[in-house]
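Chemist: This is a predicted model, with the sequence first.
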Amino acid sequence: MTTDTTTKDTAPGAPAPGTTVLDARGVTMRFGGLTAVRDVDLTVNSGEIVGLIGPNGAGKTTFFNCLTGLYIPTEGEVRYKDKVLPPKSFKVTAAGIARTFQNIRLFANMTVLENVLVGRHTRTKEGFWSAILRGPGFHRAEAASRARAMELLEFVGLDAKADHLARNLPYGEQRKLEIARALASEPGLLLLDEPTAGMNPQETRAAEELIFAIRDQGIAVLVIEHDMRFIFNLCDRVAVLVQGQKLIEGDPATVQGDERVIAAYIGEPMDNDPGAAEAAEVEAAEAAAESAAGADAATDAAPGKENDR
Ligand SMILES: Nc1ncnc2c1ncn2[C@@H]1O[C@H](COP(=O)(O)OP(=O)(O)OP(=O)(O)O)[C@@H](O)[C@H]1O
């Protein structure tokens, strides 16, 4: 991996360190009778990596979709750099929030470089007529875009594969390309939805290094992930969603040690547990078998009887 994690160059869209870039307040999202997200508050500051975890169906992706204009929350408000988010995803991207998806969404038959160039469209000022007439302004803008796209490919370690088709990249590199494309819109906040899903341990470590390098550029990062070791190692702060509500938020050590979090993942015994009668029956049968075996052993070891063990 060629990522230089020591780089301290600030990304073009990055705000001053420690500034609150994302401020979600009382976000609720209902689908008919189902409340997928209920009254969730969350802030993310520049230069910070925040993790969002929770069991399957907890509402993590729905909450992400509320932050990117894909869903308009039923209640609550999302502010990015003090401004309420526009209700369209392309406007949210233009405002400075970029994301990757749980299922990779690349243009499979485009080259690696072209995929990143697509990600730059919100930052290209050249308009329709300029593109048609292909005047000097267009060529200058195009050259600058290509240079920046190549810089980003170098940053994620894919510059040598700029001309490869996206579909020919191994899985881990496709994920990196998605990140490069998201960075092409020069975001102040990057949302990563399960960035290590399907990765091997080596690719996961490389992804971790890359996310640290992005944070070091002053970009705020919010990441959903199921890999607990990855999340607790990576994040400055972790919020836990359970059944759409925020259960706890804190530093990794606090969250990791919280019994409610452990219970939420492992599951607590339910009232009127449907399997309880069967489980009690099995336990009783096992106990009876054990005591019978114990009685046999006692008889076997009785004085006057040969014990061949
Ligand atoms: N568009 C939708 N219409 C109706 N229900 C939805 C919709 N999207 C999500 N849900 C429901 O909302 C709940 C939360 O789902 P969501 O995908 O946000 O959870 P998640 O925490 O991201 O889960 P996972 O970790 O499995 O990806 C689930 O019960 C899901 O079925």
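Modeler: Thanks, I have it. Residues are numbered from 1 along each chain as shown.
Chemist: what does the protein have sitting close to the ligand?
Modeler: Contact residues, the chain versus the ligand (C-beta under 6 Å from any ligand atom): 31, 34, 36, 54, 56, 57, 58, 59, 60, 61, 62. All C-beta spots, glycine's among them, are computed from the backbone N, C-alpha and C.
Chemist: neighbours of the second one, just the number please.
Modeler: If I follow you right, that is residue 34. 10 (other C-beta atoms under 10 Å).
Chemist: Check the first one too.
Modeler: Residue 31 sits with 11 neighbouring residues when counted by other C-beta under 10 Å.
Chemist: Quick check: beta-bridge partners of it?
Modeler: residue 34 (DSSP bridges).
Chemist: before we move on, the earlier item: between the residues of the chain next to the ligand, which sits nearest residue 262?
Modeler: residue 54 (12.9 Å; C-beta to C-beta).
Chemist: Please enumerate the strands of the stretch 1-150 of the chain.
Modeler: 20-31, 34-45, 49-53, 75-80, 83-84, 97-99 (DSSP state E, counting those that start in this stretch).
Chemist: okay, these in TSV with mean pLDDT next?
Modeler: As requested, the strands of the stretch 1-150 of the chain are arranged in TSV below (pLDDT from 0 to 100):
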stretch	mean pLDDT
strand 20-31	95
strand 34-45	96
strand 49-53	96
strand 75-80	94
strand 83-84	91
strand 97-99	93
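Chemist: Output these in a markdown table; the columns should cover distance to residue 223.
Modeler: Below are these laid out as a markdown table (distance: least, C-beta to C-beta, whole Å):
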| stretch | distance to residue 223 |
| --- | --- |
| strand 20-31 | 13 |
| strand 34-45 | 10 |
| strand 49-53 | 5 |
| strand 75-80 | 17 |
| strand 83-84 | 23 |
| strand 97-99 | 11 |
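Chemist: contacting residues for residue 183?
Modeler: 11, 98, 119, 152, 155, 156, 190, 214, 219 (C-beta atoms under 8 Å, 6 or more residues apart in numbering).
Chemist: now with 10 Å?
Modeler: 11-13, 98, 116, 119-120, 148-149, 151-152, 155-156, 190, 214, 217, 219 (C-beta atoms under 10 Å, 6 or more residues apart in numbering).
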